[in-house]
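S.K.: okay, structure incoming, though there's no sequence with it:
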């Protein structure tokens with residue numbers, strides 16, 4: 001009874017009972033991370049609210065569909081305990097190749113960003129360059 005559900009069944013990241021069967025499952029062996037298990041669920045929708053980015057939106061909020069990707073690896077190069085990584089992709093209907101490309105691009109981007117961060121800190125590029133005592137007072 002009542003109006004039909006607008007968003008479908010709930011998908012709770014912390015509750016595997018709500019996940020259902022993934023649309024794409026791939027397993028890959030990586031050099032740095034060991035075996036990687038990737039699962040993707042297609043056509044999931046975030047529940048939007050009239051706050052922050054959508055505060056000024058009049059009327060019914062849109063339904064935005066996408067693909068949720070969960071990446072699990074066996075080890076991390078730092079030796080830390082790996083936690084699953086959840087990624088959102090704004091496209092729907094991804095096949096195995098596109099899902100693999102999405103998570104590999106995330107890991108590559110992550111490595112590159114942290115390399116630049118480390119280099120900037122080592123070279124002192126993150127320290128403010130104050131040219132006068134008045135600038136320090138500001």
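M.R.: Yep, that arrived. Just so it is clear, the model here is predicted, and its values are computed rather than measured.
S.K.: how about low-confidence regions in this structure?
M.R.: Residue ranges of the chain with pLDDT under 70: 126-127, 136, 138.
S.K.: can you tell me how far the residue nearest in space to the middle of the chain is from residue 96?
M.R.: Centroid check for the chain by Cα atoms, centre = their mean gives residue 87 as the closest residue, at 2.9 Å. Distance, residue 87 to residue 96, by Cβ to Cβ, to the nearest Å: 16 Å. For glycine as for every other residue, the C-beta is placed from the backbone atoms N, C-alpha and C.
S.K.: just residue 118 next, same as before
M.R.: 34 Å.
S.K.: gap between the longest helix belonging to the chain and the chain center?
M.R.: Taking DSSP state H as the criterion, the chain has its longest helix at helix 96-123. Mean C-alpha position of helix 96-123 versus that of the full chain (Cα atoms, centre = their mean, to the nearest Å) differs by 12 Å.
S.K.: also stretch 108-126?
M.R.: With Cα atoms, centre = their mean as the basis, stretch 108-126 stands 20 Å off its chain's centre.
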